[in-house]
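J.: pasting a predicted model and its sequence here:
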Amino acid sequence: MPISEAHVGRSYPATPPYRVSRAKIAEFATALGDGDNPAYAGSSPIAPPTFAVLLSSAAWGALFDDAELGLALSRTMHGDQRFAWRRPLREGDEVTATLTIDQVRLRGALAIVTISVLLSTTSGEDVCTATSTLMHTAEAA
């Protein structure tokens with residue numbers, strides 16, 4: 001059965017832990033053009049807020065690998081992204097990402113799917129929730 005409102009609430013297993021490193025923070029900040037920002041360097045660097053995209057998007061694989069949903073990345077447009085932070089990601093954090101389907105709205109051949117990805121440390125501290133709206137078109141008949 002293709003994705004429907006019946007799939008709301010479905011969660012997937014957490015991703016393997018990702019260790020946030022000083023090198024990856026610096027690399028990401030440089031890619032953003034913000035490599036000189038002192039918050040992202042020094043003895044206690046934090047990650048830029050959008051660093052969460054790296055971790056949350058790793059959880060998307062489970063969604064697209066779920067054959068029951070019939071989703072294909074090639075027919076999906078990322079429409080919206082929001083972050084709810086509890087604290088910044090820091091060098092040394094080991095983080096997992098757990099994806100949940102929050103809402104599905106069907107409009108003809110279009111499925112509008114809202115997902116949330118909870119980023120948590122391996123010690124159980126919730127750090128951020130990344131919420132995305134995806135627009136997926138059905139395969140042509």
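T.: Received, thanks.

J.: buried set for the lengthiest helix in the chain?
T.: Using DSSP state H to define each element, the chain has its longest helix at helix 22-31. The neighbour-count check on helix 22-31 (16 or more other Cβ atoms under 10 Å) flags 22, 24, 25, 26, 28, 29 as buried. C-beta: built from backbone N, CA, C; applies to glycine.

J.: in TSV: these, plus pLDDT and distance to residue 98.
T.: Formatted as TSV, the buried residues of helix 22-31 follow (pLDDT from 0 to 100; distance: Cβ to Cβ, whole Å):
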residue	pLDDT	distance to residue 98
22	95	25
24	96	21
25	97	22
26	95	27
28	96	22
29	96	26
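
J.: coming back round to it: could you point out the helix or strand that follows the longest helix of the chain?
T.: helix 52-58 (DSSP states H and E).

J.: longest strand in this protein, by residue count?
T.: Scanning the chain for the strand with the most residues, using DSSP state E, yields strand 94-107.

J.: pick out the residue nearest the middle of the protein.
T.: residue 56 (2.2 Å; Cα atoms, centre = their mean).

J.: count of residues packed around the nearest residue to residue 60 once chain neighbours are set aside?
T.: Distance criterion Cβ to Cβ, 6 or more residues apart in numbering; nearest residue to residue 60, sequence neighbours excluded, is residue 99 at 6.8 Å. By other Cβ atoms under 10 Å, 25 other residues sit near residue 99.

J.: retrieve the pLDDT associated with residue 99.
T.: Note on residue 99: pLDDT of 98.

J.: how about the contacts made by it?
T.: The contact partners of residue 99, by Cβ atoms under 8 Å, 6 or more residues apart in numbering, come to 11, 12, 56, 59, 60, 62, 63, 115, 116, 117.

J.: same question for residue 53.
T.: Going by Cβ under 8 Å, 6+ apart, residue 53 touches 81, 130.

J.: do residue 112 as well
T.: Counting by Cβ under 8 Å, 6+ apart, residue 112 touches 79, 103, 104, 105, 106, 133, 134, 135, 136.

J.: which SS class is it?
T.: With DSSP: H, G, I helix; E, B strand; the rest coil as the basis, residue 112 sits in strand.

J.: sorry, back to before: ok, the contacts of residue 112 vs residue 18, which is closest?
T.: Proximity of these to residue 18 (Cβ to Cβ) peaks at residue 134, which lies at 21.8 Å.
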